[in-house]
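Colleague: Following is a predicted model, sequence given first.
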Amino acid sequence: MKNQPFSLKTFFILALSLCYSTNIFSQSYDREYYSANKDVSIYTSEFQKGKTAISNYILKNNADILSENLSRYDYRVDFSIDQQTILNLDSLLQTLGYVTRSNQTNNNNKLKIKNLQNQIEDYQIQINRIKERSRRDSTAQQRNSTETSINYNEDKIKEANRKLSQINENQSKVFVSINLNDELSVPSGNSKITWAKMPGIAYNYLLVENPKIGMSDKTYAGMNLKYIFTKGKSFFQIGVLKSQKIGDVQEYDSIKTPNTINEFFTIEFGQDFYTKHFGRGNRKFFNLYSGYTIGGMIPNKRNDDNLGFIPVLNLSMGVELIKTKHILLDARGSYFLPLDGINRNTRGILLGTSFNFVF
């Protein structure tokens, strides 16, 4: 028990010393003491090549690496570099891939230097005043209080001088932070999923490639309910495609060709992927994408017979006509491909448009 006070005291002394030393060490990397700060985020399809290009640039321009972190899918590096070479860096980064963020903030170091100089002058005035008053100290407690006050102001002067030294050392340098991300063409277990809630409707028009009398008609059209649940974007849809033969013709066909498919009831899961070189889906207008849907359909004949559940695969390309934080309007073309014996006479081009909104 006698050692407990000593142990606690020792612990707090060591902890305070560690915090103080860590603070001093980290100050040399304080972004505000550089002439400017630059933050860049890039997606690249050639990750290793991009990392090598950045490393070679740092080595060639004698940049000082401040921190570096490499994982399987991203590379983060912070370094300082002379202002004269920053334009060359911009030219290099544009060749590595799609730049999603590039921000540069300039720091007003002249004002900081002036404020620090004023602080040093104020602390020195305080020290002189304390020393003047200390001549009247008569007790040990007063002398200890005076010494503590002087030490406090001297420490503040030292801290201000360190900041001045860092500003002077880095006044012609830029603090650069680059985050290089591997462009993944498919979702992976390590990729971050951003969920969304976007219900909506879709209109589809099917042009059958090889319609056959007694089996299928030339055109089908109908509405779908479409629910987008990730910003990726992944979605479910359910709906129906109905034959476009109407009126007396349909009544005549129901007698003469009762086995002709009258409608397709469909249920599907789909995913869309944005192109790497045309905005990555970040534009408000005309975002290109490709994708697929997989699911199934239940074809119904005019005599109300059905052929059971048939797997269906669609490969598509489309464009987001309008995309905001709250709505999404897009159009797509796809190839409708039933995976069954009726494939030849029911496959074809499927054209569609959809509207979704944030719920």
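Modeller: Nice, thanks for sending it over. Numbering: from 1, shown residues only.
Colleague: which secondary structure elements does the longest helix along the chain contact?
Modeller: Criterion DSSP state H: the longest helix present in the chain is helix 140-170. Identification of packing neighbours for helix 140-170 by 3 or more CB pairs under 8 Å, 6 or more residues apart in numbering; DSSP states H and E yields helix 3-27, helix 109-134. Glycine gets a C-beta too; all of them are placed from N, C-alpha and C.
Colleague: Which is the succeeding secondary structure element to that helix?
Modeller: Using DSSP states H and E, the next helix or strand after helix 140-170 towards the C-terminus is strand 173-182.
Colleague: which residues are in contact with that next one?
Modeller: 31, 34-44, 47, 50-51, 54, 63, 66, 72-83, 86, 89, 93, 96, 104 (CB atoms under 8 Å, 6 or more residues apart in numbering).
Colleague: And those residues, which of them are buried?
Modeller: Among those, those that count as buried by neighbour count (16 or more other CB atoms under 10 Å) are 31, 34-44, 47, 50-51, 54, 63, 74-75, 77-81, 86, 89, 93, 96.
Colleague: quick check: mean pLDDT across the helix or strand where Asn88 lies?
Modeller: Taking DSSP H and E as the criterion, Asn88 maps to helix 86-96. Mean per-residue pLDDT for helix 86-96: 86.
Colleague: CA atoms only for stretch 288-297, dumped as PDB, please.
Modeller: What follows is stretch 288-297, C-alpha atoms only, in PDB (Å, rounded to 0.1, in the frame of the first residue of the first chain):
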ATOM      1  CA  LEU A 288     -23.800   5.600 -68.900                       C
ATOM      2  CA  TYR A 289     -24.100   2.200 -67.400                       C
ATOM      3  CA  SER A 290     -24.300  -1.500 -68.300                       C
ATOM      4  CA  GLY A 291     -25.900  -4.300 -66.300                       C
ATOM      5  CA  TYR A 292     -27.800  -7.500 -66.100                       C
ATOM      6  CA  THR A 293     -31.000  -8.900 -64.700                       C
ATOM      7  CA  ILE A 294     -31.600 -12.500 -63.800                       C
ATOM      8  CA  GLY A 295     -34.900 -14.100 -62.700                       C
ATOM      9  CA  GLY A 296     -37.800 -15.800 -64.300                       C
ATOM     10  CA  MET A 297     -41.100 -15.500 -66.000                       C
END
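Colleague: just how off-centre is that stretch within its chain?
Modeller: The chain centre lies 24 Å from the centre of stretch 288-297; the measure is CA atoms, centre = their mean, to the nearest Å.
Colleague: Flag every buried residue along the longest helix of the chain.
Modeller: Thr146, Ser149, Asn153, Lys156, Ile157, Glu159, Ala160, Lys163, Leu164, Gln166, Ile167, Asn170.
Colleague: For Pro311, state which of these is nearest.
Modeller: Asn170 (63.2 Å; CB to CB).
Colleague: Break this structure into its domains for me.
Modeller: Listed by automatic domain parsing, the domain ranges of the chain are 30-183, 195-357.
Colleague: and among these, the most buried is which?
Modeller: When you average the neighbours per residue for each of the domains of the chain (mean count of other CB atoms under 10 Å), domain 195-357 leads with a mean of 17.
Colleague: Endpoints of that one, how far apart?
Modeller: Terminal residues of domain 195-357 lie 14 Å apart, using CA to CA, to the nearest Å.
Colleague: and what of stretch 208-228?
Modeller: By CA to CA, the extent of stretch 208-228 from end to end equals 27 Å.
Colleague: lowest confidence element among the helices and strands of the chain?
Modeller: Lowest by mean pLDDT, DSSP states H and E among the helices and strands of the chain is helix 3-27, with a mean of 43.
Colleague: now the angle between strand 173-182 and the helix or strand hosting Asp39, please.
Modeller: Taking DSSP H and E as the definition, one finds Asp39 inside strand 36-44. Here strand 36-44 runs at an angle of 10 degrees relative to strand 173-182 (axes from the mean of the first three to the mean of the last three CA atoms, to 10 degrees).
Colleague: Name the strands paired with strand 36-44 and say parallel or antiparallel.
Modeller: Paired with strand 36-44 in the same sheet, following DSSP bridges, are strand 98-106 (antiparallel), strand 173-182 (parallel).
Colleague: among those, which is nearest Ala196?
Modeller: Minimum separation from Ala196 across the strands paired with strand 36-44 (CB to CB) falls at strand 98-106, 18.8 Å.
Colleague: got a list of contacts for the closest one?
Modeller: 35-44, 90, 93, 174, 183, 276-277, 279-280, 282.
Colleague: The same query, at a cut-off of 10 Å, please.
Modeller: 31-32, 34-45, 86, 90, 93-94, 174-179, 181, 183, 274-280, 282 (CB atoms under 10 Å, 6 or more residues apart in numbering).
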